[in-house]
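**Student:** Next come a sequence and a model predicted from it.
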Amino acid sequence: MKILLTGMHGQVGFELQRALAPLGEIIAVDQSECDLADPAAIRRLLAAARPDIVVNPAAYTAVDRAEAEPEQALAINGRAPGVFGEEAAKVGALVVHYSTDYVFDGTRQGAYTEDDRPNPQSVYGRTKLAGEQALQDSGAKHLIFRTSWVFGAHGANFARTMLRLAAERDAINVVADQFGAPTSAALLADVTAQILGRYGRDRDRDRGFPFGLYHLVAGGETSWHEYARTVVRAANAAGRSLKLAPENILPIATSAYPLPAPRPENSRLDTSCLKTTFGLHLPDWRHGLDHVLQQIL
């Protein structure tokens, strides 16, 4: 198979280059090679590449800045997936796209399923939901994976930020009333590769394959506060010299740390559909964190 991959330098794109390599030829591009805010650039790219699969982890991910740049966020997150879908439909290609827990308002008590009604509260969430809908309406074969709290050894993320702050400060405050599952970019990439491997083996890719929308996060759940403490404990166990002790990571409420874009208090996503459909096990979030921290530390 020929696979076109966007966002090659992002957290997920970096891991996808590794995970997808056994499946065929990878054509990996970044923003400098294709501006996803430019529909014409996307159309030229697909016309030249003529891929069997488009994998699109690229996104406008500056959640707070999106509040001041809604048109740019909409172009990349909301319109580009539909353009990918329209062009892919012309050549019979599959589009794999990644979305977010921010499409929900976070008020549900339990984990969100794929059937729960989205109600995004931020520009970022609204544009990501628009991208889901644009791809679904494009007529292309598609897989959409909603995920949350992504981290990796490559790129900027919460775990790396906590390590930096722990080396600089002897006390910090971290929000303790938002809950979700930290999900490693490597897990997203490996699950994607497993599913696309099955797609490639199907003799008739257009019939019987379970295309659609799935929730994909690591197992378990935690708060940002406990997540931060877990990172610092692991760094201490690895012998990293830090100024910050885990007990000096203090819990605060979301209301005490206001940001331009509201965050969902509940980011739990139910992954039963994906696990049952594809026969996969999703390990606990700590497993992915241990692996990433080994690389970083």
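**Tutor:** It's in.
**Student:** who's in contact with the longest helix anywhere in the chain?
**Tutor:** If you go by DSSP state H, the chain has its longest helix at helix 185-201. Here helix 185-201 makes contact (Cβ atoms under 8 Å, 6 or more residues apart in numbering) with 1, 3, 11-12, 14-16, 18-20, 22-24, 53, 55, 57, 94, 96, 98, 143, 145, 147, 150-152, 154-155, 205, 209, 216, 218, 274, 278, 280, 282-283, 288, 291-292. (Glycine included, C-beta is placed from N, CA and C.)
**Student:** Which among these count as buried?
**Tutor:** Neighbour-count burial (16 or more other Cβ atoms under 10 Å) applied to the contacts of helix 185-201 gives 1, 3, 11-12, 14-16, 19-20, 23, 53, 55, 57, 94, 96, 98, 143, 145, 147, 150-152, 154-155, 205, 216, 218, 274, 282, 288, 292.
**Student:** Could you double-check that residue 223 sits in contact with residue 177?
**Tutor:** Yes - Residue 223 is within contact range of residue 177, at 7.0 Å (criterion: Cβ atoms under 8 Å).
**Student:** hey, what's in contact with both of those two?
**Tutor:** Common neighbours of residue 223 and residue 177, using Cβ under 8 Å, 6+ apart, do not exist here.
**Student:** Now the longest helix of the chain: average pLDDT?
**Tutor:** Averaged over helix 185-201, pLDDT sits at 96.
**Student:** Could you identify the helix or strand that succeeds it?
**Tutor:** Moving toward the C-terminus from helix 185-201, the next helix or strand (DSSP states H and E) is strand 212-215.
**Student:** on contacts alone, who are the packing partners of the helix or strand in which residue 134 is found?
**Tutor:** Following DSSP H and E, one finds residue 134 within helix 123-137. Here helix 123-137 touches helix 70-73, helix 80-91, strand 94-100, strand 141-147, going by 3 or more Cβ pairs under 8 Å, 6 or more residues apart in numbering; DSSP states H and E.
**Student:** Partner strands of the third one, with direction?
**Tutor:** So the one you mean is strand 94-100. strand 53-56 (parallel), strand 141-147 (parallel) (DSSP bridges).
**Student:** Residue 106 is nearest to which of these?
**Tutor:** Of all the strands paired with strand 94-100, strand 141-147 sits nearest to residue 106, with 13.5 Å by Cβ to Cβ.
**Student:** could you redo the helices and strands packed on helix 123-137 as TSV and give each row distance to residue 115?
**Tutor:** Listed next are the helices and strands packed on helix 123-137 as TSV, based on distance: least, Cβ to Cβ, whole Å:
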stretch	distance to residue 115
helix 70-73	26
helix 80-91	21
strand 94-100	15
strand 141-147	12
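**Student:** Just send these back as a markdown table, with distance to residue 249 and mean pLDDT too.
**Tutor:** Listed next are these as a markdown table, based on distance: least, Cβ to Cβ, whole Å; pLDDT from 0 to 100:
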| stretch | distance to residue 249 | mean pLDDT |
| --- | --- | --- |
| helix 70-73 | 31 | 98 |
| helix 80-91 | 37 | 97 |
| strand 94-100 | 25 | 98 |
| strand 141-147 | 25 | 98 |
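**Student:** winner for burial among these?
**Tutor:** strand 94-100 (a mean of 26; mean count of other Cβ atoms under 10 Å).
**Student:** Need the contact partners of it.
**Tutor:** Contact with strand 94-100 is made by 12, 52-57, 59, 81, 84-85, 88, 124-125, 128-129, 131-132, 135, 138, 140-148, 188, 192, 196, 199, 205, 211, as judged by Cβ under 8 Å, 6+ apart.
**Student:** can you check stretch 101-121 too?
**Tutor:** So stretch 101-121 is in contact with 63, 122, 124-126, 128-129, 132, 146-149, 178, 180, 212-215, 217, 262-270, 272-273, going by Cβ under 8 Å, 6+ apart.
**Student:** tell me the centre residue of the chain?
**Tutor:** Central residue of the chain (Cα atoms, centre = their mean): residue 147, 4.9 Å from the mean position.
**Student:** Residue 14 and residue 229, how far apart?
**Tutor:** The gap separating residue 14 from residue 229 is 27 Å, by Cβ to Cβ, to the nearest Å.
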